[in-house]
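Engineer: Model the structure of this input:
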Amino acid sequence: MTIRSDRAGAGNIGPGVGAAPSGAQAGGAHVVPRARSGENTPADLSAERLLSAYSTGELSPVEAVEAVLARIEQDDPALNAFCLVDPDKALKAAHDSTERWRRGEPSGRLDGVPTSVKDIHLTKGWPTLKGSMASSTEGPWEEDSPVVARLREQGAVFVGKTTTPELAWKGVTDGPLTGVTRNPWDPSMTPGGSSGGSAAAIAAGMGPLATGTDGGGSIRIPASFSGICGIKPTWGLVPHYPASPFGSLAHTGPMARTVGDMALMLDVISGFDSRDWMALPTPGPGLAGAGLGENPRELVRGMRIAYSPTLGGQYVDPEVARVVADAVRVFEELGAEVEEVDPGLPDSRHDFHVLWYTGAAKATEALTDAQRELQDPGLREIIEEGLTYSAQDYLTAMATRMAMGARMGRFHETYDLLLTPSMPIVAFEAGLESPPGSDDRRWTSWAGFSYPFNMTQQPAASVPCGFSGSGLPIGLQVVGPRHSDARVLRACRAFELARPWSYHRP
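Structural biologist: Here you go, the predicted model:
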């Protein structure tokens, strides 16, 4: 087992996928990525494709895990997506899985699928440091969080833990403990965050599945910036333990390369866990992925879909706006009724800050002065601001949430789904909280399409919908009313069938 830390210099650009592409210019500008036909190694296969190959004997879990570990060894020095890799444990689990498949007795729906875990989720036998130098590496580490327990029960093979900013506090992935995580499409750029390690790993073929958390966009931001898909489920559908200091803003969800994989993983990790006192009841079998098929018209037929290009007048880069508008037209071509309309949400950034910053203050209240000196400076700043808010401020922010939830509930009485850009911009320079030249340092200044739907607890997914002229991915956000996760996934699947993206690789 290897635990990685920036104390040893992690995060520097190295060889492999981080090398500049042929024709790239200095400073990280890219040519538009070429479509790559077929898969080169088992590391490039989806979870669904791996499971099919296991069942026919075409491929074994050992071969798949070996390919993923080789990809990590080759490319992670450039990307810094992992803070821990455990080849011995992964290969032992892969050998056990191979024997089960040989007997025709797989142990679950993900038996043998290489999977990584965000370093926010407790994982038995591995330290969970949450990206913080204040965390102790001493065990014992004897408990799985609910999402990890479900994956383990279904036979997933854990290859390692992925990087996160300290306490998952911001929309990019860098911090004092593990350094800077980089984007496989251009390693001078951020993959987004806070689930940036998971996103970078999936985009680079270092495993088809990874866990993510999303308190203000932390699944959807890196999915958009890194060219993968991810969903923030209805709050409570996936149980969360230990309870997040950010309360009911914080969701756990799947991150994957394809919608089918995302739906499969969501099915596995959904359902009641007694440790989460606010978890929803276990849904029926296959609820999250119900109805996914091969006919995109059937998947969206009869849907009335709203499209908000700016979600209340927010700035959107013109190139992003063009690509997203083109993606929205696909739904019209598939037979859905699409109307450009805005839901009329208020500017909730200050209210989100009250909830987010007080959560950060609560999470760190027991730290010593020496430990606080080791923290990410930006995190220290929001903690100090969080300590200035009163109970009345907190209740006012919660009242804003309730009003937003009621408004969106009424909105979805008319519209089945809402489409927006996932992000108003493409990925920017790695190691920064905001783009160069921004007049606001905080990540929330450019994440206004994501955190409102944490306030309302709705399911919201990001799927790749195109590329910028510099070759960086652009994401489309699909939002549904609470408890409509299956509907959101059906729409994502329809778009994926109409505009396949999985053959585009960094």
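Engineer: in the chain, which ranges drop under the pLDDT threshold?
Structural biologist: 3-39, 290 (pLDDT under 70).
Engineer: The same query, at a cut-off of 90, please.
Structural biologist: When residues are selected by pLDDT under 90, those of the chain lie in 1-40, 136-139, 282-293, 439, 501-505.
Engineer: Nearest to the spatial middle of it, which residue is it?
Structural biologist: In the chain, the centroid-proximal residue (Cα atoms, centre = their mean) is Ile219; its distance is 2.6 Å.
Engineer: From Thr213, how far off is that residue?
Structural biologist: Computed as Cβ to Cβ, to the nearest Å, the Ile219 to Thr213 distance reads 7 Å. Yep, even glycine has a C-beta here, placed from its N, CA and C like the rest.
Engineer: Check Glu319 too.
Structural biologist: Distance check for Glu319 against Thr213: by Cβ to Cβ, it reads 29 Å.
Engineer: Dihedrals phi and psi, the residue nearest to the centre of the chain?
Structural biologist: Torsion angles at Ile219 (phi, psi; degrees, to the nearest 10) stand at phi -100, psi -50.
Engineer: what do you get for Leu417?
Structural biologist: Per-residue torsions, Leu417: phi -140, psi 160 (degrees, to the nearest 10).
Engineer: Now for it, how many residues are close by?
Structural biologist: 25 (other Cβ atoms under 10 Å).
Engineer: That one against Asp485, yeah?
Structural biologist: No. Assessed by Cβ atoms under 8 Å, Leu417 is found out of contact with Asp485, at 11.8 Å.
Engineer: now the strands for the chain?
Structural biologist: 2-3, 82-85, 114-118, 157-162, 174-175, 179-180, 209-214, 229-232, 251-256, 304-307, 337-340, 417-421, 460-467, 473-479 (DSSP state E).
Engineer: Deepest in the core, which of these is it.
Structural biologist: Greatest average neighbour count among those goes to strand 229-232 (a mean of 34), per mean count of other Cβ atoms under 10 Å.
Engineer: Just the C-alpha atoms of that one, please, in CSV.
Structural biologist: Output of strand 229-232 as CSV, limited to C-alpha atoms (Å, rounded to 0.1, in the frame of the first residue of the first chain):
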residue,chain,number,x,y,z
CYS,A,229,-20.5,11.8,-16.1
GLY,A,230,-21.7,12.0,-12.6
ILE,A,231,-25.0,12.5,-10.7
LYS,A,232,-25.8,14.1,-7.4
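Engineer: what pairs with it, and is each one parallel or antiparallel?
Structural biologist: As defined by DSSP bridges, the strand partners of strand 229-232 come to strand 251-256 (antiparallel), strand 460-467 (antiparallel).
Engineer: now that we're looking at Val463, how far away is Thr258 from it?
Structural biologist: To Thr258, Val463 is 10 Å away according to Cβ to Cβ.
Engineer: Which neighbours do these two have in common?
Structural biologist: Any residue near both Val463 and Thr258 by Cβ atoms under 8 Å, 6 or more residues apart in numbering counts here, and that gives Cys229, Glu496.
Engineer: quick one, what contacts the residue nearest to Met423 when sequence neighbours are not counted?
Structural biologist: Nearest residue to Met423, sequence neighbours excluded (Cβ to Cβ, 6 or more residues apart in numbering): Ser224, at 4.5 Å. For Ser224, the contact set (Cβ under 8 Å, 6+ apart) comprises Gly192, Ser422, Met423, Ser462, Pro464, Pro473, Ile474, Gly475, Gln477.
Engineer: contacting residues around Met133?
Structural biologist: Met133 sits in contact with Glu166, Pro176, Leu177, Gln371, Leu374, Gln375, where contact means Cβ under 8 Å, 6+ apart.
Engineer: Buried among those residues? Need that as a selection in ChimeraX.
Structural biologist: Selecting the buried subset of the contacts of Met133 in ChimeraX, with 16 or more other Cβ atoms under 10 Å as the burial test, is done by:
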select :166,176,177,375
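Engineer: Can you tell me which of the contacts of Met133 is closest to Phe411?
Structural biologist: When those are compared for distance to Phe411 (Cβ to Cβ), Glu166 comes out closest, at 35.6 Å.
Engineer: Now tell me what touches stretch 360-379 from outside.
Structural biologist: Applying Cβ under 8 Å, 6+ apart, the contact partners of stretch 360-379 are 132-134, 165-167, 169-170, 175-176, 245-246, 380, 382-383, 386-387, 433, 441-442.
Engineer: What residues sit buried inside that stretch?
Structural biologist: Ala360, Ala361, Ala363, Thr364, Gln375, Asp376, Gly378, Leu379.
Engineer: Sitting in helices, which of those residues do you find?
Structural biologist: Ala360, Ala361, Ala363, Gly378, Leu379 (DSSP state H).
Engineer: Quickly note the distance from the first one to Pro473.
Structural biologist: Spatial separation of Ala360 from Pro473 under the definition Cβ to Cβ is 29 Å.
Engineer: follow-up on the earlier one: could you dump the contacts of Ser224 to a markdown table with distance to Gly286?
Structural biologist: Formatted as a markdown table, those follow (distance: Cβ to Cβ, whole Å):
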| residue | distance to Gly286 |
| --- | --- |
| Gly192 | 30 |
| Ser422 | 26 |
| Met423 | 31 |
| Ser462 | 23 |
| Pro464 | 25 |
| Pro473 | 29 |
| Ile474 | 31 |
| Gly475 | 26 |
| Gln477 | 24 |
